[in-house]
Each structure stands twice: as structure tokens, then as C-alpha cells.
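Visitor: no sequence for this one, just the structure:
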């Protein structure tokens, strides 16, 4: 599972205490029933229940630097205690002045990627891209994946959906051909343009797409089309846990008619090759 969120126990116990000054966190997690939180222990229990070998975990892009650091430290603590089960990414806020320094601190301490990097509001064009570029260069320097929150540019609005023109995202990826990108939430469908004859297949050669929140956003047939256009090796199972668990995804893969070989690729073999983890 390449996409899970964990939080320190004090945030899980009393989320409302952390709403002031954090509009994005309040927007996404105001309703405990619709937006549950979990600790590392809660994630591990769910993994045991669903038979998941390993999960990539990260926190939230807080506005307050001390909260951001606290949650990154919590992820570091979790992966040190469970290195065979959990792999940590550093969750950063591109708008903070010390975002690169915090990312560097986390990668030097043992985290293995940057993500989920997110804007939860409409794109501000080049200003948004300019804030991402130093973080992508950091990922390039440490040779780690960069996991980016991406929404579909059309359709209904929901908390956390920010509109970003695809040409901005495409040009960003094009500017960093050596980076490995993971685009969350099916990359908003960017992979559809792989049907173009020129340039796009080369630009997206080092880009993978995770399935996070797919049962909320797409019909099961998305797997059918993605397999034809992307190929099974570029699709990564991501649950967005605790938002959703494994069974919803497996049910939709079965409804789409995926073969056992295709499910094995999506549910682990691809991420094993990309991350080199967990070892078997």
C-alpha cells in the first residue's frame, strides 16, 4: 500500500484542538465519521487484518512548522519501530520557508521519499509550481520518489479538491525527467494522454499512478482502461487509509475483471520494484 496517513495519538484523540490556524486540516477532517484518523498502531492492525505486507505512510502538510515536524518525527519513530512493515515519506508544505530544510532533515534521518505533497486549493499557476521545484530537486538529489496529490480537473467539488490545469502538472514533470513521480488519485487521469503519439510517453516514463480514493471517484472500469493505456506495471495500489481499506479496492478490481496476475502487479509487485521494499 503506497498511500496511507498516520497521526500522533494526541491528534487522533482531539482533532478539534488542532483546527485553529489549519484550514486545510479542518476542511478535510472536520467530520470524524467521514474522515477518520489513525495512529501507526491502528494502521498496523488494519494491515494484519487485510494481509498487507508493507505500507508507505506519511502525515499531513500542516501550516505550522512545529506540527509538521512533530508528525514527520512520528512517522520516523513508526518506521524505526517497524522497518519491515512501514516505509515513511516526509510530508511537507511547499509554502513554508523551511520546507527544503525539513525535507532534508527527514531524508537524512531515514525517510525514503517526499509525499504526499498537496495543494488543497485551486492552483495559482506558476507560483504554485515555483514552490514545488525546490522540493523536487531535493528528491532528485536523494534519489527518492516524489508523491504528489493530484485531482481530476473536472466533475463535482469535494473537500480538498483543488483545480490544477493539466498543462501545469505536465510541464512540471517534463522539467524533471530523472525524477520518479507517483501521482496520487490516478493522477487525475493524466495517463489518458499516453494515447498521444508524440512526447507524452517519454515525459511520463518515470511516472507511476496510485489508486487512492478510487472507489469514491471512479467506476470500476477505470482499471480496464488504465491497464490498456498505462500497462499494469505503472499502477500502484494506494488505499488512502484510514479513508478506505483494501476490500473495497479488491472488489472493484474483481468487478473490472482483473486477472490474478494483474492484481498481483497492482497490489504489490510494482511497488516492490519501484521502492525496493519490503524485501521478501
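Guide: Looks like it came in fine. These numbers were taken from a predicted model, which means no experiment stands behind them. Numbers count the residues shown, from 1 in each chain.
Visitor: can you get me a residue count around residue 177?
Guide: Residues lying near residue 177 (other Cβ atoms under 10 Å) number 11. Placement of C-beta: from N, CA and C, glycine included.
Visitor: scratch that, residue 9
Guide: Residues near residue 9, counting by other Cβ under 10 Å, number 13.
Visitor: any idea of the pLDDT on it?
Guide: Among the per-residue scores, residue 9 holds a pLDDT of 98.
Visitor: my read is that it contacts residue 37, right?
Guide: No: under the criterion of Cβ atoms under 8 Å, residue 9 lies out of contact with residue 37, with a separation of 9.7 Å.
Visitor: residue 272 contacts residue 265, doesn't it?
Guide: No: here residue 272 lies out of contact with residue 265, judged by Cβ under 8 Å, at a distance of 9.8 Å.
Visitor: and whatever helix or strand residue 68 lives in, how far out from the chain's middle?
Guide: Under the criterion DSSP states H and E, the helix or strand holding residue 68 is helix 65-81. The chain centre lies 17 Å from the centre of helix 65-81; the measure is Cα atoms, centre = their mean, to the nearest Å.
Visitor: tell me where the stretch 101-250 of the chain has helices.
Guide: Along the stretch 101-250 of the chain, the segments classed as helices by DSSP state H, counting those that start in this stretch run 126-142, 166-174, 200-203, 214-217, 222-229, 246-255.
Visitor: packing partners for the next helix or strand along the chain from the last one?
Guide: When you say that, I think you mean helix 246-255. Per DSSP H and E, helix 246-255 leads on to helix 260-264 as the next helix or strand towards the C-terminus. In this structure, helix 260-264 makes packing contacts with helix 246-255, judged by 3 or more Cβ pairs under 8 Å, 6 or more residues apart in numbering; DSSP states H and E.
Visitor: ok, residue 272 and residue 265, which is more surrounded?
Guide: Neighbours of residue 272 and residue 265, each counted by other Cβ under 10 Å, are more numerous for residue 265; the result is 23 against 15.
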